[in-house]
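below is the sequence, then the predicted model.
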Amino acid sequence: MNRALSWLSNLFFPQRCCLCGKVIEWRQTMCADCRREGPYVLPPICDLCGRAEDTCSCRKRRRHYERCVMPFYYDGIGKSGIGQLKNAADSAVADGFAAEMAEVMRREYGGIAFDCLMPVPQYPKDERKKGYNPAALLAQALSRCTGIPYVDGLRKLYHTKPQKELRAVARSGNLLGAFTVDEPTAAKDKCVLLVDDTITTGSTLDECAKMLKIYGARAVYAVTAASSIYKGEDV
Ligand SMILES: [Zn+2]
Ligand SMILES: [Zn+2]
């Protein structure tokens with residue numbers, strides 16, 4: 001849509017905040033009040049786990065992905081927005097969060113040329129129950145926002161218990177072999193951006209990145225909408 005047309009359409013269909021519905025300025029996605037609520041992950045950030053240095057608990061442990069970054073902590077609008085996304089396939093929320101994720105990527109991943117972005121998959125039966133995968137909604141919105149091609153290249157083979165419900169010792173084995181690469185050419189020699197809604201321990205992204213590397217990915221980076229402020233043992 002050209003500028004004049006979108007300005008006109010905004011007169012009749014005003015832009016609304018994707019989280020609270022308040023009328024906002026043209027071309028924005030979230031209102032000032034929601035933005036103020038955050039909580040944003042502010043630099044300086046850890047160059048591995050992506051959390052602010054004072055909340056990082058990764059102990060610089062290397063992963064199969066190079067780095068992860070995210071705009072929000074899983075609290076305030078980070079929590080309510082992801083809740084909205086998990087309750088309904090709300091593309092306005094996905095677009096709003098994708099805009100914030102793209103902003104962090106511009107700051108942290110500025111020089112990186114990604115060949116494609118891929119969502120962390122759900123087990124097909126779990127996805128059918130809900131009707132969609134929130135991570136895929138975010139990845140599609142991020143693809144629209146950044147122009148990085150969306151590829152649905154990973155598949156989850158088993159249902160696994162949520163990592164946060166398991167004790168540390170069970171967590172490391174819970175996801176082993178749970179993911180595979182569906183389309184080997186999608187990964188070979190590619191620089192892949194993995195997309196998920198939340199990072200908690202990083203194990204899910206790690207397992208996906210491991211499989212992408214096995215299938216020949218040159219590099220794997222990650223971006224999520226939010227990070228749990230995880231104070232426990234990062235496994
Ligand atoms: Zn709002
Ligand atoms: Zn860290």
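Done, it's in. Numbers count the residues shown, from 1 in each chain. Ligands and ions are numbered 1, 2, ... in the order given.

what's in contact with the longest helix along the chain?
In terms of residue count, the longest helix belonging to the chain (DSSP state H) is helix 91-108. Applying Cβ atoms under 8 Å, 6 or more residues apart in numbering, the contact partners of helix 91-108 are 16-19, 29-30, 41, 43, 45, 50, 67, 69-72, 81-82, 84-85, 137-138, 140-142, 144-146, 195, 223-225. Placement of C-beta: from N, CA and C, glycine included.

7 Å - rerun?
Contact partners of helix 91-108, identified using Cβ atoms under 7 Å, 6 or more residues apart in numbering, comprise 18-19, 29-30, 69-71, 81, 84-85, 137-138, 141-142, 145-146, 223, 225.

again with stretch 9-28
Residues outside stretch 9-28 that contact it (Cβ under 7 Å, 6+ apart): 7, 29-31, 34, 77, 80-81, 92-93, 95-96.

quickly check: it near ligand 1 or not.
Yes: for stretch 9-28 and ligand 1, the contact criterion (Cβ under 5 Å from the ion) is met by 17, 19-20, 22.

most neighbours among those residues, which one is it?
Highest neighbour count within these: residue 19, with 22 neighbours (other Cβ atoms under 10 Å).

tell me the pLDDT at the residue nearest to that one when sequence neighbours are not counted?
Of all residues not flanking residue 19 in the chain, residue 34 sits nearest, at 4.8 Å (Cβ to Cβ, 6 or more residues apart in numbering). At residue 34, the model reports a pLDDT of 94.

which SSE is residue 34 in?
Assigned by DSSP states H and E, residue 34 belongs to helix 32-37.
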